[in-house]
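Asker: no sequence for this one, just the structure:
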């Protein structure tokens, strides 16, 4: 059963929409950015409502894309020029992590 996103979910989705192309944040980074919840809560919001936002820009802290969506995520990473690790299996968090809404990089 689908329901409308609550206030917390809206905050998560708004934060995800602000991540620029080619940049990423971890689930924990999103929780920190909005000042509430944690990685699991953000993951839950993304699993329920994330299809309407650039979901591939929210990844695990180790740089791996969401489970089961790796192929589609990598297509988006290539299209956006997201920095990847040398093996190409995960995002290079040191180079791709977005520094926040007040930064351009």
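Answerer: Looks like it arrived, so ask away. The shown structure was predicted, so the numbers you read here are calculated from the model rather than taken from an experiment. Residues are numbered from 1 along each chain as shown.

Asker: middle-most residue in this structure, spatially?
Answerer: Against the mean C-alpha coordinate of the chain, by C-alpha atoms, centre = their mean, the closest residue is residue 58 at 1.1 Å.

Asker: residues touching that residue, list them.
Answerer: The contact partners of residue 58, taken as C-beta atoms under 8 Å, 6 or more residues apart in numbering, are 16, 19, 24-27, 30, 42, 46, 50, 66. Just so you know, the C-beta spots here come from the backbone N, C-alpha and C atoms, and that holds for glycine as well.

Asker: any figure for the gap between it and residue 98?
Answerer: Look at residue 58 and residue 98: by C-beta to C-beta, to the nearest Å, they are 11 Å apart.

Asker: can you list residues touching both of the two?
Answerer: Applying C-beta under 8 Å, 6+ apart, one finds that residue 58 and residue 98 are jointly contacted by 19, 24-25.

Asker: only whichever of the residues you listed are buried, select them in ChimeraX.
Answerer: What follows is the ChimeraX syntax selecting those of the shared contacts of residue 58 and residue 98 that are buried according to 16 or more other C-beta atoms under 10 Å:
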select :19,24,25
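
Asker: can you put the shared contacts of residue 58 and residue 98 in CSV and add distance to residue 77?
Answerer: Below are the shared contacts of residue 58 and residue 98 laid out as CSV (distance: C-beta to C-beta, whole Å):
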residue, distance to residue 77
19, 13
24, 9
25, 14
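
Asker: report the buried residues of stretch 30-45.
Answerer: 30-34, 37, 39, 41-45.

Asker: no wait, stretch 78-89
Answerer: Of the residues in stretch 78-89, those buried under the neighbour-count criterion (16+ other C-beta under 10 Å) are 80, 82-85.
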